[in-house]
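[1] Mind looking at a prediction? Sequence and model below.
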Amino acid sequence: MNFLKIVATTFLAVSFFASAASESHSQIGQLSSSIRSMLEQEYDKFVIVEIPKTRNYFQYAAEDNGAYIFDVPVMSLTPDQNQRAVVFFSSRGIGVTSVKATNFETMESFTLESYQKLYKGDDAKGGASMGINFMIEVLQYTDEITIIEGWQ
């Protein structure tokens with residue numbers, strides 16, 4: 001029982017420091033602004049955040065009702081990153097979402113899996129913080145990111 005308390009306390013401490021780091025990340029304001037701008041667009045309403053020199057990314061997509069989705073495709077994660085992602089997202093009540101898709105060149109069906117969270121349109125900072133915290137805690141990356149706005 002004491003071991004579980006130590007693990008829980010350690011996880012909470014890491015999350016606290018990562019949250020503090022997300023608020024001080026140099027691009028948190030830029031990412032929040034990109035999310036707000038995305039919600040005002042008529043078309044190509046998405047933002048992709050790429051982690052330089054890796055195959056990692058996460059993304060945001062606007063819904064028709066003014067809300068938006070934070071999305072992390074499982075296929076972009078290494079096995080170690082996915083283990084950390086399970087802990088990170090489950091601690092926030094988020095599971096894996098599966099969607100059936102078709103490769104139209106081969107007509108083969110496949111399943112896309114991702115971690116997704118829906119945000120209200122007036123909570124751009126919440127989504128940006130989630131993304132930066134994910135980047136720090138799961139990808140273990142704290143440097144500059146590349147923000148791609150779909151409408152640009």
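    Nice, I can see it.
[2] Beyond the longest strand seen in the chain, next helix or strand please.
    Secondary structure of the chain per DSSP state E: the longest strand is strand 108-119. Of the helices and strands lying after strand 108-119 in sequence (DSSP states H and E), the nearest is helix 124-137.
[3] Toward the C-terminus from that following helix, list the very next helix or strand.
    Later in the chain than helix 124-137, the nearest helix or strand by DSSP H and E is strand 146-149.
[4] quick one: contacts of the longest strand of the chain?
    63, 67-75, 85, 89, 92, 94-103, 126-127, 130 (Cβ atoms under 8 Å, 6 or more residues apart in numbering). (C-beta placed from N, C-alpha, C; glycine too.)
[5] Restricted to buried residues, select those residues in ChimeraX.
    A single ChimeraX command selects the buried members of the contacts of strand 108-119 (16 or more other Cβ atoms under 10 Å):
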select :68,69,70,71,72,74,85,89,94,127,130
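[6] Among the contacts of strand 108-119, which ones are in helices?
    Using DSSP state H, the subset of those located in helices is 85, 89, 126-127, 130.
[7] Please produce JSON lines containing these, extended by pLDDT and distance to Y115.
    Below are these laid out as JSON lines (pLDDT from 0 to 100; distance: Cβ to Cβ, whole Å):
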{"residue": "A85", "pLDDT": "98", "distance to Y115": "6"}
{"residue": "F89", "pLDDT": "97", "distance to Y115": "5"}
{"residue": "G126", "pLDDT": "96", "distance to Y115": "15"}
{"residue": "G127", "pLDDT": "97", "distance to Y115": "13"}
{"residue": "M130", "pLDDT": "97", "distance to Y115": "10"}
